[in-house]
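Chemist: What shape does this take:
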Amino acid sequence: MPLLSQTEVKQFVLGTLSAIVITAVFVVWGETDPHSLLMASLEDRAIEYLTALFCGLSAVGFLVAMNRSRFLKDRKSWTAYIFILGWAALMFLFMGEEISWGQRLFGFSTPESIAATNTQQEFNIHNLDFVENAKYRLLSLFMLFTGVLFPAFALMARGREIIRKLAFPVMPIAYAAFFVLSYIFGKYYYGILLRDTSSEVREILMSIGMLAFGLHAALRPDDLFRLKREETPR
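Modeler: Here you go, the predicted structure:
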């Protein structure tokens, strides 16, 4: 059996081209008008809110998949839902952290105990002193595993067996380019654009990849478990 079916090859080509086009938009923007890209990347501006929105929609996609997956229902155990619920919870966390849990939207202040250890005095986790220095490395590891290593592992027969045994949802490799290009953009433009600008663009590209993951989960949830063709629920 080939590593990818004809449908999966088409999805991979479409996903890769989409990632290239979207990344190219930010590259052209950064090269021709870096100031306006900076403005769009500031707190409470378009890029930040879109990143949060895409992460939130991704979380919804995983919740929908929980309800629609025949594979999970056939497992007849609540433990089968742990990992897909984990994806939903993680994306909800990403959404909340991106906008500091709506702090500026709703106008509530940061408790003094948190402000004292938060580099931006905001109501979030990723700016706490003990996380601040590691957050970019942690995000890079997240992108590596989610967008590259897990999908590549799922291409192997043994990998698919483990995925199905654990009921661990793995992103279709069709969307891997969003994560790869997100990392490349952040790495290349770090030091060329302002750090916050390159980081925010990297995050929105990653969030688009997660949005694609979540939407695919909602529409074709059993694809995430790499069922054999003859095992795919009808």
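
Chemist: Please state the offset of the helix or strand bottoming out on mean pLDDT in the chain from the chain centre?
Modeler: Least confident helix or strand, the chain: helix 129-132 with a mean of 75, by mean pLDDT, DSSP states H and E. How far helix 129-132 lies from its chain's middle: 21 Å, per CA atoms, centre = their mean, to the nearest Å.

Chemist: Which residues does it contact?
Modeler: Applying CB atoms under 8 Å, 6 or more residues apart in numbering, the contact partners of helix 129-132 are 117-119, 125-126, 138. The way it works is simple: take the backbone N, C-alpha and C, and place the C-beta from them, glycine included.

Chemist: now with 10 Å?
Modeler: Contact with helix 129-132 is made by 116-120, 124-126, 138, as judged by CB atoms under 10 Å, 6 or more residues apart in numbering.

Chemist: do the same with stretch 20-28
Modeler: Stretch 20-28 is contacted from outside by 37, 40, 47, 177-178, 180-182, 184-185, 188-189, 193, 197-198, 200-202, 204-205, 208-209, using CB under 10 Å, 6+ apart.

Chemist: make it 6 Å
Modeler: Residues from elsewhere that reach stretch 20-28, judged by CB atoms under 6 Å, 6 or more residues apart in numbering: 181, 201.

Chemist: Just give me how far it sits from the chain centre.
Modeler: Centre to centre, stretch against its chain (CA atoms, centre = their mean), the figure for stretch 20-28 is 18 Å.

Chemist: what number of residues lie near the closest residue to Met91 other than its chain neighbours?
Modeler: Nearest residue to Met91 in three dimensions, chain neighbours excluded: Ala59, at 3.8 Å (CB to CB, 6 or more residues apart in numbering). For Ala59, the neighbour count with other CB atoms under 10 Å is 22.

Chemist: any idea how far the one residue sitting closest to the centre of the chain is from Tyr188?
Modeler: Computing the C-alpha centroid of the chain and ranking residues by CA atoms, centre = their mean puts Met210 first, at 3.2 Å. As judged by CB to CB, to the nearest Å, Met210 and Tyr188 stand 21 Å apart.

Chemist: My read is that Phe54 contacts Leu211, right?
Modeler: Yes: between Phe54 and Leu211 there is a contact at 4.2 Å, judged by CB atoms under 6 Å.

Chemist: which one of these two has more residues nearby?
Modeler: Taking neighbours as other CB under 10 Å, Phe54 and Leu211 compare with Phe54 leading, 26 against 22.

Chemist: Now do the contacts for the more buried one.
Modeler: The contact partners of Phe54, by CB under 6 Å, 6+ apart, come to 207-208, 211.

Chemist: Format the residues you listed as CSV; extra columns: distance to Glu31 and secondary structure.
Modeler: Below are the contacts of Phe54 laid out as CSV (distance: CB to CB, whole Å; DSSP: H, G, I helix; E, B strand; the rest coil):
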residue, distance to Glu31, secondary structure
Ser207, 22, helix
Ile208, 20, helix
Leu211, 25, helix
